[in-house]
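Visitor: 3D model of this:
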Amino acid sequence: MAAPGMLRALAPGDAGEVLTLQRAAFVTEAQAHDDPGLPPLTQTLAELRAEIEDPSCRGWTVREAVRLVACVRVHVSDDVADLVRLIVAPDRQGDGIGTRLLRAAEDRLPSRIREIRLFTGERSYANLRLYERHGYRRTHTTAAAGYRLVHLAKQR
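Guide: Numbers count the residues shown, from 1 in each chain. I've put the predicted structure just below:
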């Protein structure tokens, strides 16, 4: 296992690397859910750049040397934060980077945030274990393309 990388704020200039990482990380999710049209796989560079530039979006990255190995994005509105992407390079998954990044994102949210929400596919067993281990509770499910999305929330 490599040494933990440096955490820093996500910047618009990171968009290209984030999109590459996002696509690599979500291939296994697409396979598990038999859905090659997952939004993280179809998002364009322009859409991602616009998301990062949106004032409601907060994000952080982890780099090991020059390589981007993880990223998280959170959309903040009023007293709620929606964690929309927690991504870790496939060869670095299981090394604690996702946990570190999740905690960092939670710790860096504005103090007014009272609830953090997220969702993941019902067959994303490792993701569900991670989120539940960190205090996220299932709230409901919604239909997707032949599977269910599991929605979770954590009170602060």
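
Visitor: how would you label the nearest residue to Ala105 once chain neighbours are set aside: helix, strand or coil?
Guide: With C-beta to C-beta, 6 or more residues apart in numbering as the measure, Val72 is the residue that lies nearest to Ala105, at 4.8 Å, once sequence neighbours are left out. No exception for glycine: its C-beta is placed from N, CA and C like everyone else's. Following DSSP: H, G, I helix; E, B strand; the rest coil, Val72 is assigned to strand.

Visitor: Settle this for me: Val72 is touching Arg85, isn't it.
Guide: Yes - when contacts are counted by C-beta atoms under 8 Å, Val72 is listed as touching Arg85 (6.6 Å).

Visitor: re the thing from before, OK, contacts around the residue nearest to Ala105?
Guide: For Val72, the set of contacting residues under the criterion of C-beta atoms under 8 Å, 6 or more residues apart in numbering consists of 59-60, 83, 85-87, 101-102, 104-105.

Visitor: mind running it again at 10 Å?
Guide: Taking C-beta atoms under 10 Å, 6 or more residues apart in numbering as the contact definition, Val72 lies against 7, 10, 58-62, 83-88, 98, 101-102, 104-106, 108.

Visitor: Same question for Phe119.
Guide: For Phe119, the residues meeting the contact criterion (C-beta under 10 Å, 6+ apart) are 82-84, 127, 131, 138-142, 144, 148-153.

Visitor: Kindly recompute the last result at 8 Å.
Guide: When contacts are counted by C-beta under 8 Å, 6+ apart, Phe119 is found next to 142, 149-152.
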